[in-house]
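A.B. asks: I would like the atomic coordinates for the input below:
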Amino acid sequence: MENGNHHELLIFTPGVGSRVSYIVDTLFPVVILTDSKEKFLAHTGIRINYSDEKISATELQIVPHGLLTQEGIHEQAIDCFEWEGMKGFFATTGNIPFDIFSASFYLLSRYEEYLPYEADKYGRYPHTDSLAYKEGFLDIPLVNLWMRELRNKLKKLFPNSQFPIPNPQFRFIPTYDLDIAYAYLHQPIWKNVAGFYRDLLLGKFEEVVERGNVYSGRRNDPFDVFDWIDGLHERYQLKPVYFFLTIIKRGEYDKNLSSRSKALQKLYERLAVKYVSGLHPSWQSGTDEWLLEKEVEVLQEIIQKPITS
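C.D. replies: Okay, here's the model as predicted:
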C-alpha cells in the first residue's frame, strides 16, 4: 500500500512484535503497521499512535501497557474501571485511558488460561476463575464494544476519512452439537434392555413407559427433533451449523451411536446436504491425536464433504 492514502488506517509502534501484529490484524481488516515516525507524520489518513510519546497534533494516542512486548506468560495485575459504560483494564494515559490493544489481546488469546489454575472435574479451565466472570462481563461482547467506541472516536478525530473498521452487525447463527442423536431408537438391543431394567429398579417409571412407547411406535423418540428444527430454520431463514460426534470407540462420555450405525450415517448425510457441518470431537480424542484424525476421516466418508470446522 502506498504511504499517505487518505482512506487507510496507519498505526505507529516503536516495536512491531508478534503480539502487536496479531492483535492489530485481528481487530482491523485493513491496516498499515509501521515503526517509522516519518511515515506516520506523512500519512494523511487515520493515524493511531501506539507509543508513550506524543508525535503529532492530530492522532489518537494509545499508551502501551507492556503486555504486547513481554516474553512468555506472566501473572498480570488487573484493576477494572468504568469507561464509556463498559469495563476497561490495563489503565494508561492517552486519548483512551487504557491499552485497548493489550486488553483485547488478553481476552481474545485467553491469556489467563495459560496461567496455573485448578481444573474442574473434567480437566477444564473453570469459567468462574475468569476475569470476565468476576467482573460481570462474561455474556457481553466487550472487545466488539470497545472497537465500536474506538471507531466513534476516530470518526470524530478524522471526519473526512473513510473509516476502514466495519461497524459490526449482529447475526444469529444457531449451532448444534450432536452428542446423542437418539435416546432409544437405533440403539443396540442390549443397551435398551439394560436401560429398561435400570430405570425400573431406580423407580424411573416415566422413562420405562417412554422407552416402551417409542419402541412400539406410539410416540417419537424424544431426541428426534430434527424435522421440527428444520421448520424453525425455514420459518426464520436461519443458517445453522451442525457439529457431529463421530464415535470410533465408546467411552464414559462418548455415548452416541457408533459411526458404523446406518441410522446415524443417514441422519448425518441428510443434515450435511442442507447445512454447514463440522466435527464435534469425542471426549477421548481430546488427548489422542490419532483418534481425532480418524474421526475427521470417518465423518468425511459419511457425509462426502471435507471437514474444516
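A.B. asks: How are the strands of the chain distributed by residue range?
C.D. replies: 9-12, 32-34, 46-49, 60-61, 81-83, 86-88, 175-178, 241-245, 276-280 (DSSP state E).
A.B. asks: In JSON lines: those strands, plus mean pLDDT.
C.D. replies: Converted to JSON lines, the strands of the chain look like this (pLDDT from 0 to 100):
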{"stretch": "strand 9-12", "mean pLDDT": "94"}
{"stretch": "strand 32-34", "mean pLDDT": "93"}
{"stretch": "strand 46-49", "mean pLDDT": "95"}
{"stretch": "strand 60-61", "mean pLDDT": "96"}
{"stretch": "strand 81-83", "mean pLDDT": "97"}
{"stretch": "strand 86-88", "mean pLDDT": "97"}
{"stretch": "strand 175-178", "mean pLDDT": "96"}
{"stretch": "strand 241-245", "mean pLDDT": "97"}
{"stretch": "strand 276-280", "mean pLDDT": "97"}
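A.B. asks: TSV for the ones you listed, including mean neighbour count and distance to residue 142?
C.D. replies: Backbone N, C-alpha and C define where each C-beta goes, glycine included. TSV is the format used below for the strands of the chain (neighbours: other C-beta atoms under 10 Å; distance: least, C-beta to C-beta, whole Å):
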stretch	mean neighbour count	distance to residue 142
strand 9-12	24	21
strand 32-34	17	24
strand 46-49	24	20
strand 60-61	20	20
strand 81-83	12	11
strand 86-88	18	6
strand 175-178	15	21
strand 241-245	21	24
strand 276-280	19	26
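A.B. asks: could you dump the ones you listed to CSV with distance to residue 155?
C.D. replies: Formatted as CSV, the strands of the chain follow (distance: least, C-beta to C-beta, whole Å):
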stretch, distance to residue 155
strand 9-12, 12
strand 32-34, 19
strand 46-49, 9
strand 60-61, 11
strand 81-83, 18
strand 86-88, 18
strand 175-178, 34
strand 241-245, 34
strand 276-280, 35
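A.B. asks: out of those, nearest to residue 121?
C.D. replies: strand 175-178 (19.6 Å; C-beta to C-beta).
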